[in-house]
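A.B. asks: when you get a sec, could you give me coordinates for this:
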Amino acid sequence: MSIAAVAWRFQTPLRQTCKVLCAGSHFPAGYHYTKQVLVERNLVNNVQLIRAATEHEWMELAPTVHVAIPFMERFHSEFIHAASQLRLIQQMGVGLEGVDIDAASQKGIAVANIPAYGTGNAQATAEHALLLSMMLLRKVQTDL
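C.D. replies: As a prediction, the model looks like this:
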């Protein structure tokens, strides 16, 4: 796909309310926090935040959304190809293994994540590694 074909998604402003899909039932606090930020910044008239807990729900919404946030869900090529208005897939974390990046690239959809620095991910991972190390030293018998 040419750069010009991709650029329209970002150079052409939306002339309607931006529909943001929060896919999955995980991280309800992330959904509520995002909604709170939209209210605080007076963006509720410009951005419609939609929560879809099941794959069936978000597949139905796919043709109408502009931004998709996979809360621990996999965005496979079927979803990406069904999402004709999609401009961005924004992962709320470091990994992108749940997103079919090739399919998104073919359709000119930007895929982004939030780097670990400054978000607490790196610290939480380090704390978890220390916990597991201490459990091994103490020979804790448990299934994680």
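A.B. asks: give me the pLDDT for the spatially most central residue of the chain.
C.D. replies: Geometric centre of the chain, nearest residue: residue 69, 2.6 Å, by CA atoms, centre = their mean. You'll see residue 69 listed with a pLDDT of 92.
A.B. asks: check the one 10 residues further on too.
C.D. replies: Listed pLDDT for residue 79 reads 94.
A.B. asks: okay, now the nearest residue to it once chain neighbours are set aside: neighbour count?
C.D. replies: In this structure, residue 79 finds its nearest non-sequential neighbour in residue 62, 5.6 Å apart by CB to CB, 6 or more residues apart in numbering. C-beta: built from backbone N, CA, C; applies to glycine. As a burial measure, residue 62 scores 22 neighbours (other CB atoms under 10 Å).
A.B. asks: contacting residues for residue 62?
C.D. replies: Shown in contact with residue 62 (CB atoms under 8 Å, 6 or more residues apart in numbering): 21, 79, 82, 83, 84, 86.
A.B. asks: helices along the chain, start to end?
C.D. replies: With DSSP state H applied, the chain shows helices at 3-11, 28-40, 55-61, 77-82, 101-106, 121-137, listed in chain order.
A.B. asks: compare those and give me the one nearest residue 48.
C.D. replies: With respect to residue 48, and counting by CB to CB, the nearest of those is helix 28-40 at 9.3 Å.
A.B. asks: and stretch 62-72, which residues are buried?
C.D. replies: In terms of neighbour count (16 or more other CB atoms under 10 Å), stretch 62-72 has its buried residues at 62, 65, 66, 67, 68, 69, 70, 71.
A.B. asks: those residues: which two are farthest apart?
C.D. replies: Farthest pair in the buried residues of stretch 62-72 (CB to CB) is 66 and 71. Separation: 17.2 Å.
A.B. asks: picking up where we left off before, closest to residue 115 among the buried residues of stretch 62-72?
C.D. replies: After measuring the buried residues of stretch 62-72 against residue 115 - CB to CB - the closest member comes out as residue 69, at 16.1 Å.
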